[in-house]
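Colleague: The sequence and its predicted three-dimensional model are supplied below.
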Amino acid sequence: MHCPSCGVEVVEQAGFCHKCGQRLDSGDGPPPADRQQEAAPTPAPGPADDEPEATPREKFAQATARDTQDEPEDELWHGGYSSKAMIGTWILSGLVSIVLLVVWALYVRTSWIWVTMLVGLALLWIYQLGKLIYRRMNVRYRLTSQRFIHETGILRRVTDRIEVIDMDDITFEQTVVQRLVGVGTIRITSSDSTHSVLVMLGIENVKEVAGKLDDIRRSERRRRGLHIESI
């Protein structure tokens with residue numbers, strides 16, 4: 001379901017929105033025993049009560065800051081671009097090379113054309129190898145119980161973090177060849193201002209990794225949504 005105030009997705013069991021602190025239950029029926037005292041009338045505010053009451057969002061931010069201050073952050077997964085993701089490219093390049101070699105062997109007798117063809121094929125394979133090395137060295141991912149961290153760059157390294165509670169949707173896709181070797185692309189949609197959509201190419205065991213991302217996202221939202229009931 002979605003929060004009626006801010007529209008963010010929340011888990012069914014949550015009594016309050018993890019994002020803005022809006023109460024989610026209907027409020028019907030008698031209040032729980034631990035809330036009866038809160039429902040009792042309170043004395044009229046005096047001069048000392050001039051300060052405005054904190055909003056639900058502010059209460060939530062204060063409570064979750066206290067709750068997570070000393071909470072250990074465990075690493076759940078780390079990885080990067082897998083060389084298996086280029087198996088389809090290698091197969092296609094190999095077929096193109098074989099076809100060109102056969103055609104030129106049957107119909108071409110000029111030596112300089114042969115030299116040009118061999119140089120072209122060599123450049124094709126060098127390009128594919130360079131792309132693989134670049135993708136392997138350019139990006140690294142790390143998932144903890146609280147954050148998703150991704151690092152990009154070779155000479156200049158840029159590190160960015162997405163709070164798992166800010167992730168809104170996790171999807172993955174695979175080509176036919178990628179399904180055979182268990183790799184694919186994961187797409188993370190979040191409310192993070194830097195990366196509202198993060199695309200992770202060539203992730204090995206993509207189904208398990210995407211499931212782990214979604215599980216920790218839902219677990220953290222459930223924990224935060226239930227925790228705010230104590231505010």
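Modeller: Sure, I can see it. Residues are numbered from 1 along each chain as shown.
Colleague: Mind pulling up the pLDDT for Pro32?
Modeller: At Pro32, the predicted lDDT confidence score is 47.
Colleague: what's in contact with stretch 157-177?
Modeller: Stretch 157-177 has contacts (CB atoms under 8 Å, 6 or more residues apart in numbering) with 8-9, 18, 87-88, 91, 143, 145-152, 183-192, 194-195, 198, 203, 206-207, 209-210, 213-214, 216-217, 220-221, 224. Where C-beta positions appear, they are placed from N, C-alpha and C, glycine not excepted.
Colleague: Report the buried members of those residues.
Modeller: Neighbour-count burial within those applies to 8-9, 18, 87-88, 143, 146, 148, 150, 183-186, 188, 190, 192, 198, 203, 206, 209-210, 213-214, 216-217, 220-221, 224; the criterion is 16 or more other CB atoms under 10 Å.
Colleague: still on that earlier bit, so which of the contacts of stretch 157-177 belong to strands?
Modeller: Among the contacts of stretch 157-177, the members found in strands (DSSP state E) are 143, 147-152, 183-190, 198, 203.
Colleague: I'd assumed Cys17 was in contact with Glu9.
Modeller: No. Using CB atoms under 8 Å, Glu9 makes no contact with Cys17, being 9.8 Å away.
Colleague: Now the common contact residues for these two.
Modeller: Common contacts of Glu9 and Cys17, defined by CB under 8 Å, 6+ apart, comprise Cys3.
Colleague: all strands for the chain, in order.
Modeller: Along the chain, counting by DSSP E, strands occupy 75-80, 139-144, 147-152, 158-163, 167-173, 183-190, 197-204.
Colleague: so which of the ones you listed gets nearest His2?
Modeller: For these, the distance to His2 is smallest for strand 167-173, at 10.5 Å, taking CB to CB.
Colleague: what's around Lys19, how many residues?
Modeller: Using other CB atoms under 10 Å, Lys19 has 21 neighbouring residues.
Colleague: check contacts around it.
Modeller: Lys19 sits next to Cys3, Cys6, Val8, Val10, Arg57 when contact means CB under 8 Å, 6+ apart.
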